[in-house]
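> With the input below, show me the fold.
(2 chains)
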Amino acid sequence: MEQVALEAATHDVSLWALFMQAGLIVKLVMIGLIGASVWTWAIVLDKYVSFNKARKQFDQFEQVFWSGQSLEELYRTLGERQNNGLAAIFVAAMREWKKSFERGARSPIGLQMRIDRAMDVTMAREGEAYEARLGSLATIGSAGPFIGLFGTVVGIMTSFQAIAGSKSTNLAVVAPGIAEALLATAIGLVAAIPAVIAYNKFMAEAGKLNSRMEGFADEFSAILSRQIDEKLQPRQAAQ
Amino acid sequence: MKGSLGTSLVLHTLVLTWAMVSLSAPAPMTVADVEALPVDIVPIEDMTMMMQGDKTAPMLEKPAAKPTTNQKIVEGAENAGENDVDLKTPPTPAKRPVQVEAAAAPKPAERPTPTPTPEQNEVKDIAPEETAPKPTEMAALPQPKPEPTPPKPEPTPAPEPTPAPAPTQAEEMPLPSSIPLPAAKPKPEPPKEQAKPVEKPVEKKPETKPAETAKPTDKKEGKKQETAKSSSSQKSDFNADEIASLLNKQESSGGGAKRSTSPASTGSTKPSTGAKLSLSEMDALRGQIQNNWSTIAGIEGLQGMVIRVTFQLDRSGMIIGEPEVTSTGGSSMARRTMEGGALRAVLKSQPFKGLPAEKYDAWSEVAVNFDPSELGL
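Take a look at the predicted model:
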């Protein structure tokens, strides 16, 4: 009992002491915000790595694609492994092409449509993968400060109640409670600021990748339609 | 994702542990050590009636200054303190009490001085007659006492001389041996003559030295000089003791000489001020008159007019005789009108109430100033 009184009198204001002095709600808010911060940075790291990888893959694939290598060969090498990005679109389109063409497609228009559809679907899936979890970054970025503020308000409320109880307005009595409450807002901001920055950056990057995929899909679709025309013309001529 | 989540967790733990360790409590603000000024809200009467006491002591029934250890009684002293001389300045703390070391050495040598007791006795025989009535004037004459204790002069002078400046004491050292020779001369001289043999054989000094030797004040010589002074310079304000203790560079000067034996209690450091009407009582009196003062609207020429009504009150608050009204400023017409109004107001408001009977002396005669330009309308 005496020890407790002594500790209260000295008012340790280090971070850990502030955290331990906080009430249950404020503690929960702080823990939640720290968790949000952990999650934010996990997403940031993950996205950073995966976007870098995707960009590199795009570059590589474009290099290979435009190197004049036969598309059949490229399809054969790529078809066996897990693809994403441009390669996935290419493989999807080639698969559709092969399926339809090997069995002897009747209508070039239908084939074209199917290929486009397949590419669209793959593109959507890939784009979704790029934007996955960016939503939670947005949520943390916008809600973090509010959650922190909530913790602060509750903390200040309780500390004012305590002050009313102690009947002392000495700043030394008031200050630790307010400092402890403000810690909640600080953690909220620490979580929210990187989240907002990362969200904006990754959204822009995902948009860039998407437009790149779209451009590739359009180009590839044009190439394929030319091929279809070339391949179907002799047949029709033979008939 | 798992990998990056793990990395993020590890990074957060690292950052948080670093924050816990290095971002510990920020250095507490170094607030300049300002002494808190305790402010008490005290009714103004209490303030004006404050008695001498100790500001920091708790309130007791009887105000008293800090108990003093120096029990030598100085008659007529007004300021509480340990000093031998009654001074208004607060005592300055001595920086190094050891500095008086020069004076400490002579102590043993002092002992011999008592030997010329016959001389002392002579001095005392003469001193009492002249000095006894005077101490109040001097305020600081250290020893009117010795007279009651002629048989034991040794203990009292012995402890006191220690603070005395060294030079004079050094001069006194030869005292015992040389005393017999000058003994025949007038009393104030013996010390000086002994001093002279050491330094200069010139006989001039006796006249100048008395003032210098006055510094020790505690010595028998001091007494002698005082006796001389009291006889010669009774009327002058010059207090050699006071000056000497202010000039004394070795010992802290300042502090009163009023002794206190009772425990310290709240009060002012200044000697108590007499009974005087406090502000609230003044206000009450003024308010009573003002309530009855009806000014006439629309009078011109009130600018700068001041009407002064002087009257005497008896103990029941009734006016004795006729109030005397004088006024200055403004036009003569307006002045006459306002004079009448002021006089009516004063007469109407008697008997005055709320005046403390014990302060009758303070309110027996009252002068009230009316300022129509300020209060009127």
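
> how close does residue A:190 sit to chain B?
As defined by CB to the nearest CB, to the nearest Å, residue A:190 lies at a distance of 9 Å from chain B. Heads up, the C-betas are built off the backbone N, CA and C, glycines and all.

> ok, and the closest non-adjacent residue to that residue?
Nearest residue to residue A:190 in three dimensions, chain neighbours excluded: residue A:37, at 6.1 Å (CB to CB, 6 or more residues apart in numbering or on different chains).

> For that neighbour, grab the count of nearby residues.
Residues lying near residue A:37 (other CB atoms under 10 Å in any protein chain shown) number 25.

> any idea of the pLDDT on it?
Predicted confidence (pLDDT) for residue A:37: 94.

> backbone phi and psi for residue B:366, please?
Reported as degrees, to the nearest 10, the phi and psi values for residue B:366 are phi -120, psi 140.

> Tell me which residues touch it, please.
Under the criterion of CB atoms under 8 Å, 6 or more residues apart in numbering or on different chains, the neighbours of residue B:366 are B:285, B:310, B:311, B:312, B:313.

> Check which helix or strand the spatially closest residue to residue A:94 that is not a sequence neighbour maps to.
Across the structure, with CB to CB, 6+ apart as the measure, the residue nearest residue A:94 apart from its sequence neighbours is residue A:75 (4.2 Å). When elements are assigned from DSSP states H and E, residue A:75 belongs to helix A:71-79.

> Send over that helix as CSV, restricted to the C-alpha atoms.
Output for helix A:71-79, consisting of C-alpha atoms alone and laid out as CSV, is shown next (Å, rounded to 0.1, in the frame of the first residue of the first chain):
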residue,chain,number,x,y,z
LEU,A,71,4.2,-17.3,-79.5
GLU,A,72,3.7,-21.1,-79.6
GLU,A,73,7.1,-21.6,-78.1
LEU,A,74,6.5,-18.9,-75.5
TYR,A,75,3.2,-20.5,-74.6
ARG,A,76,4.8,-23.9,-74.2
THR,A,77,7.5,-22.5,-71.9
LEU,A,78,5.1,-20.4,-69.9
GLY,A,79,2.1,-22.8,-69.8
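
> hmm, who's touching that helix?
The set of residues that contact helix A:71-79 without belonging to it, under CB under 8 Å, 6+ apart, is A:64, A:65, A:87, A:90, A:91, A:94, A:95, A:98, A:223.

> Pull out the buried positions in the helix or strand containing the fifth one.
Yep, that's residue A:91 we're talking about. According to DSSP H and E, residue A:91 maps onto helix A:86-102. The neighbour-count criterion (16 or more other CB atoms under 10 Å in any protein chain shown) identifies A:86-94, A:96-97, A:100-101 as the buried residues of helix A:86-102.

> okay, who's weakest in those residues by pLDDT?
For the buried residues of helix A:86-102, the weakest pLDDT value sits at residue A:101, with 71.

> For burial, what's the neighbour tally of residue A:33?
When neighbours are defined as other CB under 10 Å, residue A:33 has 27 of them.

> ok, back up a step: wait, which of the contacts of helix A:71-79 is closest to residue B:327?
Of all the contacts of helix A:71-79, the one with the least separation from residue B:327 (CB to CB) is residue A:87, at 112.6 Å.

> And the residue nearest to residue B:330 when sequence neighbours are not counted, how far from chain A?
Using CB to CB, 6+ apart and skipping residues adjacent in sequence, the residue nearest residue B:330 is residue B:305, 3.2 Å away. With the distance defined as CB to the nearest CB, residue B:305 ends up 51 Å from chain A.

> For residue B:305, which phi and psi angles does the backbone take?
Backbone geometry at residue B:305, expressed as degrees, to the nearest 10, gives phi -80, psi 130.

> residue contacts, it?
Residues touching residue B:305, when contacts are defined by CB under 8 Å, 6+ apart, comprise B:327, B:328, B:329, B:330, B:334, B:335, B:338, B:371, B:372, B:373.

> Distance of the residue nearest to residue A:94 relative to chain B?
Between residue A:75 and chain B the distance is 30 Å, computed by CB to the nearest CB.

> count of neighbours near that residue?
That count, for residue A:75 with other CB under 10 Å as the rule, works out to 17.

> again with residue B:351
Residue B:351 has 12 neighbouring residues, counting by other CB under 10 Å.

> and what of residue B:316?
As a measure of burial, residue B:316 has 11 neighbours, counting by other CB under 10 Å.

> Pull up the per-residue confidence for it.
According to the per-residue confidence, residue B:316 scores 82 in pLDDT.

> can you tell me which residues contact it?
With contacts defined as CB under 8 Å, 6+ apart, the neighbours of residue B:316 are residue B:351.

> Now do the buried residues in whichever strand or helix holds residue B:334.
Following DSSP H and E, the helix or strand that holds residue B:334 is helix B:332-348. By neighbour count with 16+ other CB under 10 Å, helix B:332-348 contains the buried residues B:334, B:335, B:337, B:338, B:339, B:341, B:342, B:343, B:345, B:346.

> Next, format the residues you listed as a markdown table and append pLDDT and distance to chain A.
A markdown table is the format used below for those (pLDDT from 0 to 100; distance: CB to the nearest CB, whole Å):
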| residue | pLDDT | distance to chain A |
| --- | --- | --- |
| B:334 | 79 | 55 |
| B:335 | 80 | 56 |
| B:337 | 80 | 56 |
| B:338 | 81 | 52 |
| B:339 | 83 | 55 |
| B:341 | 82 | 52 |
| B:342 | 82 | 50 |
| B:343 | 84 | 54 |
| B:345 | 83 | 48 |
| B:346 | 83 | 49 |
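
> now those in a markdown table, with distance to residue A:228?
Conversion of the buried residues of helix B:332-348 to a markdown table gives the following (distance: CB to CB, whole Å):
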| residue | distance to residue A:228 |
| --- | --- |
| B:334 | 120 |
| B:335 | 123 |
| B:337 | 122 |
| B:338 | 120 |
| B:339 | 125 |
| B:341 | 121 |
| B:342 | 122 |
| B:343 | 127 |
| B:345 | 120 |
| B:346 | 124 |
